[in-house]
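S.K.: Here's a sequence, model it:
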Amino acid sequence: MTARTVPATFSRMTAAADPQWERGLGAFLKETHSRAELMSLLAKHSAGDGALDAMMRRVLLGAICKRVGEGLRVGANAVFVHPETMEIGDFVFIGSQAMIQGRFDGTCRIGNHVWIGPQAYFDARCLEIQDYVGWGPGAKVLGSSHTGDPIGEPVIRTDLVISPVVIGYGADVGMNASLLPGVTIGAHAIIGAGAVVTKDVPEYAIAAGVPARVLRDRRESEPDEQS
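M.R.: I've put the predicted structure just below:
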C-alpha cells in the first residue's frame, strides 16, 4: 500500500449555525440552574457517544462557558475545569478524553476551526489558541510551574508561576508534543510529534526534538529541492 492525499474536511466545514432551539435550551438552563447544577448535568452526559449526549455537551458548555460559537463538537469523557473562564470559537472539535484545566481567575481562548485530538491536555490558566490550529492526540501544554523557593520546602508547596502560552494562527502541534510555560508558537509553525518545546518557535518554522529546535523555515525549499 502507498500513501495517498485526500482533501481536508474539518477545516473546510461550512456547517449551518446551531438550531435556535438549542440556543434557547442553553439559555433556559443557564437561567434556571446554578453553575454547580450545570456542571452536574454536564457530567451526566460526558461519557455517552450518542447524538443526544453530544448535543447536551454542546448545549451545557454553551450555558457554562464565557462564550461558545457555532458547531462545537466534544467527544466522550472530555474534562473541563473552570469552563466559566473559557471562550470557544466556531466549529471547534475537542476529542475524547481531552482535558482543559482552567483556573477560577484564568483566561482560556480557543479560536475558530480548532481541532484538538483525543487525550490532549491543556493547563489553560492563561492560554490562547488562535484560529485554525491543529492539536495532535496526546499533545500537552503546561502553563505553570513552581518556583522551588525556599529550597527547603517541598517543591509543590512553593509559589506557582502562571505564564501565558500562545499558539499562533494555523499552527500544527504534533502527537504527544509538550509545550512548557511561557512559550509562543508562531503562526503556521509545525511542531513535530513528541517534541518538548522550551522556548518560542518563530512563524512558519518546523521544530522537533527534545528539547525542540528549529529545523527550517517552511517558506524555504528542502535542501534536496535546491540542488
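S.K.: For the chain, give me the ranges with low pLDDT.
M.R.: Along the chain, the model assigns pLDDT under 70 to residues 11, 13-15, 222-227.
S.K.: distance of the residue nearest the centre of it from residue 9?
M.R.: Centre of the chain computed as the mean C-alpha position; nearest residue by CA atoms, centre = their mean is residue 116, 5.5 Å away. Using CB to CB, to the nearest Å, we find residue 116 at a distance of 16 Å from residue 9. (Glycine included, C-beta is placed from N, CA and C.)
S.K.: What of residue 183?
M.R.: Counting by CB to CB, the gap from residue 183 to residue 9 is 29 Å.
S.K.: quick one: which of those two has more around it?
M.R.: The residue with the greater number of neighbours, taking residue 183 and residue 9 and applying other CB atoms under 10 Å, is residue 183; the counts read 22 against 7.
S.K.: What count of nearby residues applies to residue 72?
M.R.: The local packing count at residue 72 equals 22, with neighbours defined by other CB under 10 Å.
S.K.: does it really touch residue 58, like I thought?
M.R.: Yes: because the distance of 4.9 Å satisfies CB atoms under 8 Å, residue 72 is recorded as touching residue 58.
S.K.: wait, is residue 29 part of a helix?
M.R.: Yes: counting by DSSP: H, G, I helix; E, B strand; the rest coil, residue 29 falls inside a helix.
S.K.: Is it in contact with residue 56, as I believe?
M.R.: No: taking CB under 8 Å as the definition, residue 29 is not a contact partner of residue 56, at 9.6 Å.
S.K.: Of those two, give the one with the bigger neighbour count.
M.R.: A direct count of neighbours by other CB under 10 Å for residue 29 and residue 56 places residue 56 higher, at 22 against 18.
S.K.: Next, count neighbours for residue 87.
M.R.: The burial count assigned to residue 87 is 15, neighbours taken as other CB under 10 Å.
S.K.: mind listing what it touches?
M.R.: Residue 87 makes contacts with 65-67, 108-110, as judged by CB atoms under 8 Å, 6 or more residues apart in numbering.
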